[in-house]
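Undergrad: can't give you the sequence, but here's the structure:
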């Protein structure tokens with residue numbers, strides 16, 4: 001069985017790995033000059049490590065990360081520690097909120113509301129029926145079980161920060177449950193950056209006989225009576241029995257939308273946000289913490305978080321430059337999406353001063369801006385009814401795997417790997433069904 005996997009992110013890497021293990025002849029196509037998708041990185045000349053274009057870390061509960069690290073012989077480079085994470089309060093303090101002890105010290109809730117919230121959080125850690133939770137909004141559930149004060153002080157700013165004022169009240173409770181259930185205070189990264197982890201995956205795929213076509217521009221996919229043909233600039237035309245598009249609904253629509261218009265309508269029917277990320281390289285630390293959850297107040301402070309990467313990974317890996325991400329999710333049809341690179345950098349510098357009043361723009365060495373149109377699906381009530389199928393109905397041996405398919409889980413490496421495993425099983429199952 002010959003299979004094309006289009007998309008070299010973690011879903012595509014996992015899918016190609018298990019397809020090859022199952023005996024398929026696999027060709028992996030990636031439009032960029034390196035694999036890794038949204039977890040790919042870059043490296044300045046004086047750095048010893050790469051830096052992801054979009055911030056990434058693992059949790060100790062990420063079982064699929066550990067599973068594929070073992071398959072790819074990449075376990076040795078996994079690094080875990082407990083960096084400091086803080087949340088901005090209404091009075092503009094930054095305090096931890098990553099444990100029961102931290103909750104008891106939270107300055108803006110009374111003792112009764114702290115106990116109430118702690119009990120609700122403990123319940124969510126053991127509760128499993130997320131389908132019931134998707135029937136109610138996160139706002140309504142939190143107000144009912146955590147209290148109006150707890151919601152206003154903690155959860156509303158986080159939801160607004162992630163989804164914006166307009167969308168925050170639409171998000172269902174299953175989404176928040178998934179975020180809370182598997183989070184751990186101990187976080188993980190990879191020695192040399194996620195690119196080094198991806199290189200282990202690439203080496204494994206090559207040893208398994210997978211053909212990897214990087215820098216595959218102008219990919220076209222067509223269906224003949226007997227097979228699929230995939231053409232890419234500089235890589236010629238290949239014939240395949242099946243095609244997996246491990247990419248966003250937007251990319252799927254551009255590649256094979258004419259073959260599956262109903263699937264495109266379904267996949268693109270749910271609202272989503274784009275992401276804008278500013279990376280500042282500084283000559284001195286912004287602050288003491290790794291993760292700052294910010295109170296989003298556009299236009300002055302539009303970011304949901306500041307992530308000081310070099311308070312997690314030693315700055316000596318980056319020639320003693322201090323690297324900070326500023327991130328915000330934005331509707332791609334809005335004026336905010338059209339902000340220039342310089343406007344975004346200016347906003348990041350302003351937010352830096354809000355975090356640390358002593359922060360000076362003179363410490364800026366360089367900046368980089370990254371944008372991605374499809375970065376965060378907005379999951380409303382009963383969202384499971386609208387999750388697109390992995391199988392593209394009515395189109396033989398065409399499969400789709402994207403961030404829209406991991407619900408109720410949120411975007412992340414672990415769930416991308418899990419999805420890749422799932423779609424590989426479906427492809428191999430289709431081979432068995434054909435034999436019957």
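TA: All right, it came through fine. Small disclaimer: the values here were computed from a predicted structure and weren't measured.

Undergrad: all contacts plus neighbour counts: C-alpha atoms, from now on.
TA: Fine.

Undergrad: biggest helix in the protein, by residue count?
TA: Secondary structure of the chain per DSSP state H: the longest helix is helix 413-435.

Undergrad: what does it rub up against?
TA: Here helix 413-435 makes contact (Cα atoms under 8 Å, 6 or more residues apart in numbering) with 1, 10-16, 18-19, 22, 39, 58, 62-65, 68, 242, 390, 397, 399, 401-403, 405-406, 409.

Undergrad: what's the answer for stretch 236-250, then?
TA: By Cα under 8 Å, 6+ apart, stretch 236-250 touches 1-9, 11-12, 226-231, 252, 264, 267-268, 374, 396-404, 427.

Undergrad: Ok, stretch 356-370 next?
TA: For stretch 356-370, contacts defined as Cα under 8 Å, 6+ apart pick out 53-54, 276-284, 286-287, 341, 344-345, 349, 352-353.

Undergrad: First-to-last residue distance for stretch 41-49?
TA: Stretch 41-49 has its terminal residues 9 Å apart, counting by Cα to Cα, to the nearest Å.

Undergrad: So which bits of it are buried?
TA: 41, 47, 49 (16 or more other Cα atoms under 10 Å).

Undergrad: Would you quantify the distance from the nearest residue to the last one once chain neighbours are set aside to residue 320?
TA: It refers to residue 49. Nearest residue to residue 49, sequence neighbours excluded (Cα to Cα, 6 or more residues apart in numbering): residue 192, at 4.4 Å. For residue 192, the distance to residue 320 equals 15 Å [Cα to Cα].

Undergrad: Any of the contacts of stretch 236-250 buried? List them.
TA: Neighbour counting by 16+ other Cα under 10 Å classes 2-9, 11-12, 227-231, 252, 264, 267-268, 374, 397-404, 427 among the contacts of stretch 236-250 as buried.

Undergrad: Show me the residues you listed that map onto strands.
TA: 2-6, 228-231, 374, 398-400 (DSSP state E).

Undergrad: quick check, nearest of the residues you listed to residue 152?
TA: residue 374 (28.6 Å; Cα to Cα).

Undergrad: mind checking pLDDT for the closest one?
TA: Note on residue 374: pLDDT of 93.

Undergrad: List the residues that contact it.
TA: Here residue 374 is in contact with 248, 250, 272-275 (criterion: Cα under 8 Å, 6+ apart).

Undergrad: how is this structure carved up into domains?
TA: Split into domains by automatic domain parsing, the chain comes to 2-77+192-270+382-435, 99-178, 271-377.

Undergrad: how far away is the nearest residue to residue 375 once chain neighbours are set aside from residue 306?
TA: In this structure, residue 375 finds its nearest non-sequential neighbour in residue 274, 5.0 Å apart by Cα to Cα, 6+ apart. In this structure, residue 274 lies at 17 Å from residue 306, with Cα to Cα as the measure.

Undergrad: These two: which is more packed in?
TA: Between residue 274 and residue 306, counted using other Cα atoms under 10 Å, the more crowded position is residue 306 (25 against 18).

Undergrad: in a strand, that's where that one is, yeah?
TA: Yes - assessed by DSSP: H, G, I helix; E, B strand; the rest coil, residue 306 belongs to a strand.

Undergrad: any idea which element the nearest residue to it once chain neighbours are set aside lies in?
TA: Spatially, and ignoring its direct neighbours in sequence, residue 306 is nearest to residue 326 (4.6 Å; Cα to Cα, 6+ apart). In the assignment (DSSP states H and E), residue 326 maps to strand 322-330.

Undergrad: Report the distance from the helix or strand following that strand to the chain centre.
TA: Note on strand 322-330: by DSSP H and E, the next helix or strand toward the C-terminus is helix 341-355. Computed by Cα atoms, centre = their mean, to the nearest Å, the separation of helix 341-355 from the middle of its chain amounts to 23 Å.

Undergrad: Return the set of buried residues in helix 341-355.
TA: By neighbour count with 16+ other Cα under 10 Å, helix 341-355 contains the buried residues 344-345, 347-352, 355.

Undergrad: Same check on stretch 95-106?
TA: Quick answer for stretch 95-106 (16+ other Cα under 10 Å): 95-98, 100, 103-104, 106.

Undergrad: Then stretch 263-282?
TA: For stretch 263-282, a neighbour-count test (16+ other Cα under 10 Å) marks 263-264, 267-268, 270, 272-282 as buried.

Undergrad: same check, this time on stretch 168-188
TA: Using 16+ other Cα under 10 Å as the test for burial, stretch 168-188 gives 168-178, 181, 183, 187-188.

Undergrad: thinking again about what came up before, angle of the longest helix of the chain against strand 2-6?
TA: 150 degrees (axes from the mean of the first three to the mean of the last three Cα atoms, to 10 degrees).

Undergrad: just to revisit the earlier point, and the residue nearest to residue 49, how far is that from residue 308?
TA: 17 Å.

Undergrad: More neighbours: which of these two?
TA: Taking neighbours as other Cα under 10 Å, residue 192 and residue 308 compare with residue 308 leading, 25 against 17.

Undergrad: what's near enough to touch that one?
TA: Residue 308 makes contact with 286-287, 289-291, 322-325 under the criterion Cα under 8 Å, 6+ apart.

Undergrad: burial measure for the closest residue to residue 41 other than its chain neighbours, as a count.
TA: Nearest non-adjacent residue to residue 41, counting by Cα to Cα, 6+ apart: residue 52, 3.8 Å away. As a burial measure, residue 52 scores 19 neighbours (other Cα under 10 Å).
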